[in-house]
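Asker: Sequence plus predicted model, see below.
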Amino acid sequence: MTTPLPIHFFDYTCDRCGAPVCERVQLMNLALNYEEELFCLDCLAAEQDMPAEALADFAKSYVYSRDCFKNPWMKFDATPCPKRTDGLCFCQDTAS
Ligand SMILES: [Zn+2]
Ligand SMILES: [Zn+2]
């Protein structure tokens with residue numbers, strides 16, 4: 001790991017590319033049935049052959065539909081996500 005982790009927002013790293021992964025993306029992994037490995041959203045999207053944004057929407061709708069995912073999702077405050085400024089954050093709540 002050469003990339004320094006910005007603040008204490010990302011608790012995990014991607015098993016494939018080493019990118020920092022926040023708890024919400026970890027929940028998306030679980031929602032998509034990735035339990036052995038943990039991927040960042042880009043790697044997950046490549047796995048599923050979907051654009052990252054579509055994959056995030058898909059995973060979120062699943063998370064919202066299950067209390068066991070939704071509760072920890074809501075408990076995690078994604079507001080300080082450093083990726084928001086780059087428009088690369090997929091861990092925010094959907095507006096609707
Ligand atoms: Zn990755
Ligand atoms: Zn984010």
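Answerer: Ah, there it is. Ligands and ions are numbered 1, 2, ... in the order given.
Asker: can you list the weak-confidence ranges in the chain?
Answerer: The model of the chain has pLDDT under 70 over residues 1-7, 95-96.
Asker: any idea whether the residue most central in space within it is helix, strand or coil?
Answerer: Nearest to the mean C-alpha position of the chain, counting by C-alpha atoms, centre = their mean, stands V25 at 1.6 Å. Under DSSP: H, G, I helix; E, B strand; the rest coil, the three-state class of V25 is helix.
Asker: tell me what the longest helix belonging to the chain is packed against?
Answerer: The residue-count maximum for a helix in the chain (DSSP state H) belongs to helix 52-65. Where contact means 3 or more C-beta pairs under 8 Å, 6 or more residues apart in numbering; DSSP states H and E, helix 52-65 is packed against helix 23-31, helix 41-48, helix 67-75. Bear in mind the C-beta positions are built from the backbone N, C-alpha and C, glycine included.
Asker: just to revisit the earlier point, hmm, F90 and the residue nearest to the centre of the chain touching each other?
Answerer: Yes: using C-beta atoms under 8 Å, V25 is in contact with F90, at 7.4 Å.
Asker: for R84, what are its contacts?
Answerer: By C-beta atoms under 8 Å, 6 or more residues apart in numbering, the contact list for R84 reads Q92.
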